[in-house]
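# The sequence and its predicted three-dimensional model are supplied below.
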Amino acid sequence: MHMKGWWEETQEQTERPLPAAGANLREESSWLDVHADQEYVLQVSLRRGNVGQQRRKQDSKAQAPRFPKLKDEGWLLVLGEVERRELLAVKRLGFVRNHTAVSVAFYTPEKTGKCIYTLYLMSDSYLGLDQQYDIHLNVTPASIAAQVNTEVSDTMSQLSFK
């Protein structure tokens with residue numbers, strides 16, 4: 001997983017890897033510094049396991065023999081903050097063939113300090129495949145430069161040059 005956004009020391013939008021899961025929360029290196037009230041994009045890479053072991057052509061249909069009709073596999077990415085019981089983003093995905101990259105946009109909290117966002121990957125077809133990842137954010141005061149860069153970038157992308 002990577003986080004894409006504006007950081008004060010860079011003049012362009014950059015990607016930063018998220019700290020490794022299971023890191024010691026007392027160490028500063030396990031927290032990703034982000035600016036308050038700023039839009040960031042979480043980039044998640046999904047890879048299907050056991051692809052080589054399937055004999056038949058990869059099929060998007062779920063293995064559900066007791067379901068009354070054919071059903072396509074589906075996945076949900078849900079980003080939220082458990083402590084405040086707040087839902088930040090939801091993204092629905094279809095069938096994941098071998099490898100898929102997904103982007104989820106969200107805003108950081110206005111309040112500075114440390115917060116933990118939780119990303120859930122949930123299957124709409126299978127029990128027991130759901131996964132949960134904690135994202136440790138150290139929210140620093142809002143950066144005017146980063147905010148202006150985001151707004152200029154958004155405005156430029158909306159303009160169409162003819």
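It's in. Worth saying up front: this structure is predicted, and the values here are computed from it rather than measured.
# Identify the residues contacting the residue positioned nearest the centre of the chain.
The centroid of the chain falls nearest to residue 42 when counting by C-alpha atoms, centre = their mean (3.7 Å). With contacts defined as C-beta atoms under 8 Å, 6 or more residues apart in numbering, the neighbours of residue 42 are 1, 2, 3, 4, 79, 89, 103, 104, 105, 106, 119, 135. Every residue, glycine included, has its C-beta placed from N, CA and C.
# Just those residues: which are in strands?
If you go by DSSP state E, the contacts of residue 42 have 2, 3, 4, 79, 89, 103, 104, 105, 106, 119, 135 in strands.
# Tell me if I'm right that residue 129 and residue 123 touch.
Yes. Counting by C-beta atoms under 8 Å, residue 129 touches residue 123, with 4.4 Å between them.
# The two: which has the busier surroundings?
Legend: neighbour count by other C-beta atoms under 10 Å for residue 129 and residue 123, higher for residue 123 (15 against 11).
# can I assume residue 29 sits in a helix?
Yes. Counting by DSSP: H, G, I helix; E, B strand; the rest coil, residue 29 falls inside a helix.
# Tell me how many other residues crowd residue 66.
Count around residue 66 with other C-beta under 10 Å applied: 4.
# so is it in a helix, a strand, or just coil?
What three-state DSSP gives for residue 66 is coil.
# Identify, from the contacts of residue 42, the entry nearest to residue 66.
Each of the contacts of residue 42 was checked against residue 66 using C-beta to C-beta; the closest is residue 119, at 30.9 Å.
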